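Visitor: Pasting a predicted model and its sequence here:
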Amino acid sequence: MRIGTLLTLISVLAATPVLADGQRVAGLYVDCRGEPSASPTVVLESGAFGTSADWDLVLTDLARNGRACAYDRAGVGDSPARAGQEDVTSIAEELASLLDALGETRPVILVGHSNGALYAETFAALWPERVAGLVYVNGVTSNDITDPKLLADLTRERHLSNLAAAAGGLGLAPLAAPSVVSAEDLPADAAGRKRWALSRVRRLRVARDEDRAVVPGLFITADLGGSPAEVPTVVIFGSTDPNGTLAKAWRAAEVVPAEKAGRGWVLDAVGATHVSPLARDRAYVTAAVDWLRSLAAR
C-alpha cells in the first residue's frame, strides 16, 4: 500500500466519533455515573492531552457513593470545537455553562489532574460559592509562578506539545497513541476512546494550544486570587523520584493550596507516576473525595 493511501485510511478511521456511554450536554461530551445524592456531585477535569476517558476507573469508584462526571473540553476528545480561545477563563466559563446545563445548582467537588488543576483553580477563584471542595492531582496551579524551575519545566512541556501536534500533522499520531495509552492501564473501551482522541490532528492542535496558554494562565489565575482559602482542598502529590530537585520543587508549590485552605489535606502518593493516580493508585483520589464529601455532610 502506498504511503499516501495508508495515511488517508488512517485519517478516515480516526474521523469516526466514539461517544461510548456518554452524552452531549451543552454541546460537550459528558460521562456521568452514579445517582444524585445528598453528597456533592464530583466533576473531573483532565490534564494536557487528556480526555474524560482518563477518568474511567475513577468514575466507577466514585459513582458508588454519588454522582460523578467527567467531560471533554471543547475541541478535546468527543467534544466539538471551541468557538473562542483556549485560555483559562474561557475554559472555566465553559465549565460553568456545563454545570448549569446539568442542573448542578449546589456546589460541586472539582478534581483536576495536571493542567486540569489550573482550570479547576480558575473556576474556584471565579465562583468559590459553586465549589464544595477541590482535589489537585499532581496539579499545575498558580503557585508555580514562584519558582523558575517550574516555569522552565512547563516551557519544556510546551515544546513537547508542539512536537506532538507536528507529528500528528505528519500522520504519525496513530502510531504513537497506543504506547501512550498503554501506560495508563485503562479498560478497553476507555483506552479505545483515548487512542482515537490522540489520533486526531485537530484535537492534538487544541491540546497544544491549551498547553501554550498554561503559563499565561498561571498569572491570570494568580491575579484572581488563586485557590480560595475557604474551599476545603486536598493535594495529591506523586513522584517516582520524590527526593529529586525538580520533584521537591513541584511538591513545594503543589501543597500550597492545601496549606492555605482552612481545611486542607496533603496526600503523598509514594511511588506514583504522573498518571497512575487515575488508575493503579486511584485509591488516593477516592480517599480525597470521600473526605470532602464527609465535610459537606456536616
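Guide: Here it is on my side, so go on.
Visitor: Against which helices or strands is the host helix or strand of Val43 packed?
Guide: In the assignment (DSSP states H and E), Val43 maps to strand 42-45. Helices and strands touching strand 42-45, as assessed by 3 or more CB pairs under 8 Å, 6 or more residues apart in numbering; DSSP states H and E, comprise helix 56-62, strand 68-71, helix 88-101, strand 108-113, helix 115-126. Any C-beta I mention is one placed from the backbone N, CA and C, and that applies to glycine too.
Visitor: Take those and write them to a markdown table, including distance to Ala132.
Guide: Below are the helices and strands packed on strand 42-45 laid out as a markdown table (distance: least, CB to CB, whole Å):
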| stretch | distance to Ala132 |
| --- | --- |
| helix 56-62 | 14 |
| strand 68-71 | 13 |
| helix 88-101 | 12 |
| strand 108-113 | 5 |
| helix 115-126 | 10 |
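Visitor: can I get these in a markdown table with mean neighbour count, mean pLDDT and distance to Gly244?
Guide: As requested, the helices and strands packed on strand 42-45 are exported to a markdown table (neighbours: other CB atoms under 10 Å; pLDDT from 0 to 100; distance: least, CB to CB, whole Å):
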| stretch | mean neighbour count | mean pLDDT | distance to Gly244 |
| --- | --- | --- | --- |
| helix 56-62 | 21 | 97 | 27 |
| strand 68-71 | 27 | 98 | 31 |
| helix 88-101 | 20 | 96 | 28 |
| strand 108-113 | 28 | 98 | 21 |
| helix 115-126 | 27 | 98 | 20 |
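Visitor: Nearest to Ala165 among the ones you listed would be which one?
Guide: Taking CB to CB, helix 115-126 is the member of those nearest to Ala165, at 15.3 Å.
Visitor: Who are the packing partners of the closest one?
Guide: strand 42-45, helix 88-101, strand 108-113, strand 131-137, helix 214-223.
Visitor: hmm, back to that, nearest to Thr41 among the helices and strands packed on strand 42-45 would be which one?
Guide: strand 108-113 (4.9 Å).
Visitor: For the strand holding Val43, give me every contacting residue.
Guide: With contacts defined as CB atoms under 8 Å, 6 or more residues apart in numbering, strand 42-45 is touched by 52, 55, 58-59, 62, 66-71, 95, 99, 104, 108-113, 116-117, 119-120, 289.
Visitor: Let's see that with 6 Å instead.
Guide: For strand 42-45, the surrounding residues in contact (CB atoms under 6 Å, 6 or more residues apart in numbering) are 55, 62, 68-70, 108-112, 116, 119-120, 289.
Visitor: And for stretch 96-108?
Guide: Residues contacting stretch 96-108 (CB under 6 Å, 6+ apart): Val25, Ala26, Leu28, Pro40, Thr41, Val43, Arg130, Val131, Ala132.
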